[in-house]
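>>> sharing a sequence plus its predicted fold:
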Amino acid sequence: MKITQRQIFLLGLLCIGSITYMQTFSLVSQTAHQHAFISYLVSGSVCLFALWLVSFTLKRFSDRNLLQALTERFPLMGRVLLALYLLFLLFISARDIRSISDFTNTVLLNRTPIPILGLMVTATAVYICQGGIRAFLGLSEVYIPVFIVVLGCVILVLARDLHPHYLVPYFSPDWPGIMKGAWCAFPYQAEILVLPLVISGKYFKASAGYISLAVGTGMMIVLLLLTQLVLGVPLSGKLIHPGYEMIRHIQITDFIDRFDLLLMALWYPLALGKIAFDLYVFCYTLQMVVPKLSGRLMTAPVGALAFACSIWFFKNALQLFDFNFVWPIIAIVFDLAFPILFLAVLRPRRGKPKLKTG
Amino acid sequence: MTSTHISMLLLIAFSFWRDKEALREGGPLSRYVFYTLMAASFLILIYTSWESAPFNPAEWLGRMLAPIAHFTKP
């Protein structure tokens, strides 16, 4: 299926612009305080480098994606690497399912048990995933432009509640703290790197990926600054979901006092689409490791496994939150070391020189 | 927790029913992996609900990796 630059841009935003809003604001506010936005710039730069590495490698294989290139060049070692990558993807899927279930339980459905919420989230994600890449494209084409417009409106509506003095002192950055913030934000921003793995080199345009990363990072910075300017830096660092608390401050008139529900209704499909995309990449990688498997048929069992692991892997919401401080060690291996390895080993084969005739 | 088990079983049954044609056509390997993953998921769910102190992979990983990470929780 042909994928345009605009669709790559939207898919990139789907990968980095949904769960990230929920998970990272508190982490970076805790570590980098009022200069947390610089953390996103630093980690975004590292992701840009990793994306450049992967895009550069992909350019060598115009008709295949990276997974195909790897398994064709190194049938055994490539599959072993992909099997490791499967574990990484399983962990990401489980983490995303658990974090959205915890979030729904905390702010929307307090009395519904977390496993039931997780089951509903997973079932929805599985049905989206069974629609294939068209489903993600359709979902992102509808919701992401609306979300960007709404973000612009939120800035206007919240203008009277912004307190620039909450970010004082402006010019005394705590660089170790900023680097800690970048460390925590990196794995979430680096999730854009899955795109070149599943999209063929024929259609993947690196420039669309770079723009997507830049716009996604810009949106995160805008939302983070809004959160800090409305709630203040100490409160943003103490709350688990400061972004949600920020949108609860929105009051358009006297009678629309739950405007947050409308914003949630726009954001939630993006988060579900992100989980579905995680499952899609997992099934696709599984199909690469075991070629006789049907990827589409694996979506339901893989979803069930990711759901079960989301309950098993994490004890509670706080443990999931704390895990973000050590998770980058694993993420760096897959998001930075693997692209360097791909660049080094996936070289085009030199063809035999043609003999001149005649 | 029983409600979770029942819901999970219902969803597994629905998946079997929904994908029965594809399972028939998908070949034996796809069929066995399908059944194995579904069974493994249900067993994990039973283990986490019945075990009083289940082994927690994220907690274990956190303990293992914490000495390596210089950027620990502030």
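Looks like it came in fine.
>>> ok, stretch B:18-37 near chain A or not?
Yes. Residues of stretch B:18-37 are located near chain A by C-beta under 8 Å from any C-beta of the partner chain, namely B:Arg18, B:Asp19, B:Ala22, B:Leu23, B:Gly26, B:Gly27, B:Leu29, B:Ser30, B:Val33, B:Phe34, B:Thr36, B:Leu37. Where you see a C-beta, it was placed from the backbone N, CA and C, and this is true even at glycine.
>>> any idea which of the residues you listed is closest to A:His163?
B:Leu37 (51.1 Å; C-beta to C-beta).
>>> spit out the contact partners of whichever residue of the stretch 151-300 of chain A sits closest to chain B.
Relative to chain B, the nearest point of the stretch 151-300 of chain A is A:Ala300 (4.0 Å; C-beta to the nearest C-beta). Counting by C-beta atoms under 8 Å, 6 or more residues apart in numbering or on different chains, A:Ala300 touches A:Val126, A:Gln130, B:Ser15, B:Arg18, B:Asp19, B:Phe34, B:Met38.
>>> please repeat the previous calculation with a cut-off of 10 Å.
A:Ala300 sits next to A:122-123, A:126-127, A:129-130, A:279, A:283, B:11-12, B:14-16, B:18-19, B:34, B:37-38, B:41 when contact means C-beta atoms under 10 Å, 6 or more residues apart in numbering or on different chains.
>>> mind checking how far A:Pro348 is from B:Thr4?
For A:Pro348, the distance to B:Thr4 equals 51 Å [C-beta to C-beta, to the nearest Å].
>>> so between the two, which is more surrounded?
B:Thr4 (19 against 11; other C-beta atoms under 10 Å in any protein chain shown).
>>> give me the element the more buried one is part of.
In the assignment (DSSP states H and E), B:Thr4 maps to helix B:2-18.
>>> show me what counts as buried in that helix.
B:Thr4, B:Ser7, B:Met8, B:Leu11, B:Ile12, B:Ser15 (16 or more other C-beta atoms under 10 Å in any protein chain shown).
>>> which is the next helix or strand following it?
helix B:20-25.
>>> would you mind writing the CA trace of that following helix as CSV?
Output in CSV follows, covering the C-alpha atoms of helix B:20-25 (Å, rounded to 0.1, in the frame of the first residue of the first chain):
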residue,chain,number,x,y,z
LYS,B,20,-12.5,-19.5,12.9
GLU,B,21,-12.3,-19.2,9.1
ALA,B,22,-8.9,-17.6,9.1
LEU,B,23,-7.7,-20.2,11.6
ARG,B,24,-8.7,-23.0,9.3
GLU,B,25,-6.9,-21.4,6.4
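>>> isn't A:Arg349 right up against A:Arg73?
Yes. Here A:Arg349 reaches A:Arg73: they are 8.2 Å apart, a contact under C-beta atoms under 10 Å.
>>> surely B:Pro28 touches A:Lys292?
Yes. Contact criterion C-beta under 10 Å: B:Pro28 and A:Lys292 qualify, at 9.1 Å.
>>> so the two - more neighbours on which side?
A:Lys292 (11 against 8).
>>> sticking with the residue in chain B that chain A sits nearest to, tell me its helix or strand.
Closest residue of chain B to chain A, C-beta to the nearest C-beta: B:Leu37 (3.4 Å). Secondary structure from DSSP H and E places B:Leu37 in helix B:28-50.
>>> identify each buried residue in the helix or strand following that helix, please.
Sequence-wise, the next helix or strand downstream of helix B:28-50 (DSSP H and E) is helix B:57-65. By neighbour count on 16+ other C-beta under 10 Å, the buried set for helix B:57-65 is B:Ala58, B:Leu61, B:Gly62, B:Leu65.
>>> quick one, phi/psi of the residue lying closest to the second one once chain neighbours are set aside?
Yep, that's B:Leu61 we're talking about. Spatial nearest neighbour of B:Leu61, chain neighbours left out: A:Val326 (6.9 Å); criterion: C-beta to C-beta, 6 or more residues apart in numbering or on different chains. Backbone torsions of A:Val326, given as degrees, to the nearest 10, read phi -110, psi -20.
>>> what pLDDT does A:Val326 get?
With respect to pLDDT, A:Val326 has a value of 91.
>>> count the residues that sit near it.
22.
>>> among the buried residues of helix B:57-65, which pair sits farthest apart?
B:Ala58 and B:Leu65 (10.4 Å).
>>> need the residues touching each of the two.
A:Phe323, A:Val326, A:Trp327.
>>> hang on, the earlier thing: what mean pLDDT does the helix holding B:Leu37 get?
Mean predicted confidence for helix B:28-50 is 93.
>>> that helix: how far from the chain's middle?
7 Å (C-alpha atoms, centre = their mean, to the nearest Å).
>>> what about the helices in the stretch 1-150 of chain A?
Assigned by DSSP state H, counting those that start in this stretch, the stretch 1-150 of chain A shows helices spanning A:5-16, A:19-32, A:36-59, A:66-73, A:75-107, A:114-130, A:133-157.
>>> quick one: the second one near chain B?
Yes. Looking at helix A:19-32 against chain B by C-beta under 10 Å from any C-beta of the partner chain, the contacts come from A:Leu27, A:Gln30, A:Thr31, A:Ala32.
>>> so which of these wins on neighbours?
Going by other C-beta under 10 Å, A:Ala32 tops these with 30 neighbours.
>>> contact residues of the stretch 201-350 of chain A facing chain B?
Going by C-beta under 10 Å from any C-beta, the residues of the stretch 201-350 of chain A near chain B are A:237, A:286-287, A:290-309, A:311-315, A:319-330.
>>> let's see 6 Å
Proximity of the stretch 201-350 of chain A to chain B, by C-beta under 6 Å from any C-beta of the partner chain, involves residues A:292-294, A:297, A:300-301, A:304-305, A:308, A:311-315, A:323, A:325-326, A:329.
>>> tell me the contacts of residue 25?
Using chain A here. A:Leu224, A:Thr227, A:Pro242, A:Gly243 (C-beta atoms under 6 Å, 6 or more residues apart in numbering or on different chains).
>>> show me those residues that map onto helices.
In this view, those that belong to helices under DSSP state H are A:Leu224, A:Thr227, A:Pro242, A:Gly243.
>>> about what we covered before: and the residue nearest to the residue of chain B closest to chain A when sequence neighbours are not counted, what pLDDT?
Leaving aside its chain neighbours, B:Leu37 sits nearest to A:Pro301 (3.4 Å; criterion: C-beta to C-beta, 6+ apart). Per-residue confidence for A:Pro301 comes out at a pLDDT of 94.
>>> check A:Val194 too.
In this prediction, A:Val194 has a pLDDT value of 91.
>>> give the burial count for the nearest residue to it once chain neighbours are set aside, as a bare number.
Distance criterion C-beta to C-beta, 6+ apart; nearest residue to A:Val194, sequence neighbours excluded, is A:Val281 at 5.0 Å. Counted with other C-beta under 10 Å, residues neighbouring A:Val281 total 23.
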